[in-house]
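**Q** Let me see the structure of the following:
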Amino acid sequence: MENFFKLKENNTTVKTEVLAGVTTFMTMAYILIVNPLMLMDAGMPFGAVFTATALSSLIATLVMGLYAKLPFALAPGMGLNAFFTYYVVIGMGKSFEFALTAVFLEGIIFIILTFLNVREAIIDSIPLNVKRAISVGIGLFIAFIGLVNSEVIIHQPYSTIVELGNITQGTALLALIGLILTGVLLALKVKGALLIGIILTTIIGLPMGITVIQDGFRVLSAPPSMADTFFKFDFSQIFTFDMFIVLFTFLMVDMFDTVGTLIGVATKAEMLSEDGKVPNAKQALFADAVGTTLGALFGTSTVTTYVESSAGVAEGGRTGLTAVSTAVMFGIALFFSNVFLLIPSAATAPALILVGLFMMSPIKDINFEDYTESIPAFITFLFMPLTYSISDGIVFGMLSYILLKVLTGRGKEVSILTYIVGLIFIAKILIG
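**A** Numbering: from 1, shown residues only. So this is what the prediction gives:
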């Protein structure tokens, strides 16, 4: 493992990498229950989607670890699964087979674009200060996710956009207890503080009635069959306008969510090269494309790189061994699903909130003196949490960068490729 993953060169150890991988898994294990529940609304069986979710995450993350050798994990993306269910199936009245076909085609297109270096070129086209801002924005975004999932922050109809939840009881109280507890562990420099915090918060949730062990609870269970979702495609409408709109949306959102996550987490891990490039970006994007393609075959929505990977990076994960460890956990989850599903959102929220803090550090390297650099950076990290979208933050950050450079007579500082990416973003906005 030392020779394959170059552990010493990356100033890490097997223990650190494995612990980081487990931490990443614990912060994203919610997808094993949330994704099947969401796709159930599209008429897909819970059990089959659970297995498809775990299996596609396992394979994609394994490819990331062994091929790209980066500490990033992948799973069906939140937001993309909502688009799959509530826009394509329910809104457009399409079958889930139609939606799975669009996801499958997206994966094939991404494999082709990856081999042609198109996606890697898009990463390279993003200015350095915007790349730094992406890390900051993801930090704010992931902290916001933790606060919302734990109901510390809530949305009330006909009230303010968001407001403080009832923090004196229930999920919100447990999350705040976990936040203080995990914060103390971090301040004391306890190794594996985030993972220990998740476990202790889950245990504290037992007497509070938030961590619930159902009657007849079984530790070990066989993975449900994927027979009802495996290779369920509908190719009869692949040349229709509806398929074009759905496919284009999947492509745009997934591409820039993945690009943003890779840049943001790599920036935090100090993995970017001197010229601001993500190492092994092509291999990482290939893992994403493979995950999406296989996920569609198994029966789940688009697989993408997860921002929760930053939790493992925060624990010291620096190589593909972190990703391999996360993949192994997804494999274990196939047989111990009942155990992992015990972990409440309130237990993972403190880890996400504190990872948000860790992701903020690149803000000190942003050039705030040059407004053609700082304003796009500010828009990038402001829009991510407020629009609940990594891709929207990148879109408006990049467009503002191009416009400010051009309107101040500094258009020559913008590369041709950046202009091309800007046109793609405009098309995304116009098509919706």
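
**Q** which residues in the stretch 51-200 of the chain form strands?
**A** 74-76, 153-154, 163-164 (DSSP state E, counting those that start in this stretch).

**Q** Ranking these by mean neighbour count, which comes first?
**A** strand 74-76 (a mean of 31; mean count of other C-beta atoms under 10 Å). Every C-beta, even on glycine, is put in place using the N, C-alpha and C of the backbone.

**Q** Out of the strands of the stretch 51-200 of the chain, flag the one nearest Leu194.
**A** The closest of those to Leu194 is strand 74-76. By C-beta to C-beta, the value is 18.2 Å.

**Q** Packing partners of the closest one?
**A** helix 31-40, helix 46-63, helix 281-298, strand 303-305 (3 or more C-beta pairs under 8 Å, 6 or more residues apart in numbering; DSSP states H and E).

**Q** how about 6 Å then?
**A** Packing contacts for strand 74-76, counted by 3 or more C-beta pairs under 6 Å, 6 or more residues apart in numbering; DSSP states H and E, involve helix 46-63, strand 303-305.

**Q** could those go into TSV alongside mean neighbour count, mean pLDDT and distance to Ile263?
**A** Output for the helices and strands packed on strand 74-76, formatted as TSV (neighbours: other C-beta atoms under 10 Å; pLDDT from 0 to 100; distance: least, C-beta to C-beta, whole Å):
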stretch	mean neighbour count	mean pLDDT	distance to Ile263
helix 46-63	25	94	19
strand 303-305	29	90	10
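
**Q** Between the ones you listed, which one is closest to Gly411.
**A** Minimum separation from Gly411 across the helices and strands packed on strand 74-76 (C-beta to C-beta) falls at strand 303-305, 32.1 Å.

**Q** Could you tell me which ranges of the stretch 51-200 of the chain sit under the pLDDT cut-off?
**A** 158-160 (pLDDT under 70).

**Q** Show me where it has its helices.
**A** With helices called from DSSP state H, counting those that start in this stretch, the stretch 51-200 of the chain shows them at 80-82, 96-115, 118-125, 128-149, 170-187, 193-204.

**Q** quick one: contacts of the first one?
**A** This means helix 80-82. 35, 38, 301-302 (C-beta atoms under 6 Å, 6 or more residues apart in numbering).

**Q** Tell me the most packed of the residues you listed, by neighbour count.
**A** Ser301 (35 neighbours; other C-beta atoms under 10 Å).

**Q** who's in contact with that residue?
**A** Listed by C-beta under 6 Å, 6+ apart, the contact set of Ser301 reads 76, 80-81, 84, 103.

**Q** Could you do Arg132 as well?
**A** 362, 365-366.

**Q** nearest residue to it other than its sequence neighbours?
**A** Spatially, and ignoring its direct neighbours in sequence, Arg132 is nearest to Pro362 (4.1 Å; C-beta to C-beta, 6 or more residues apart in numbering).

**Q** ditto for Ile145
**A** In space, Ile145 is closest to Leu352, 5.8 Å off (C-beta to C-beta, 6+ apart).

**Q** Identify the element of secondary structure that the one you found sits within.
**A** Using DSSP states H and E, Leu352 maps to helix 345-358.

**Q** any idea of the angle that helix forms with helix 128-149?
**A** 160 degrees (axes from the mean of the first three to the mean of the last three C-alpha atoms, to 10 degrees).

**Q** Show the average pLDDT along helix 345-358.
**A** Across helix 345-358, pLDDT averages out at 84.

**Q** what's the next secondary structure element after that helix?
**A** Following helix 345-358 toward the C-terminus (DSSP H and E): helix 371-387.

**Q** ok, residues contacting that next one?
**A** So helix 371-387 is contacted by 129-130, 133, 136-137, 140-141, 144, 366-368, 390, 392-393, 396-397, 400-401, 404-405, 408 (C-beta under 6 Å, 6+ apart).
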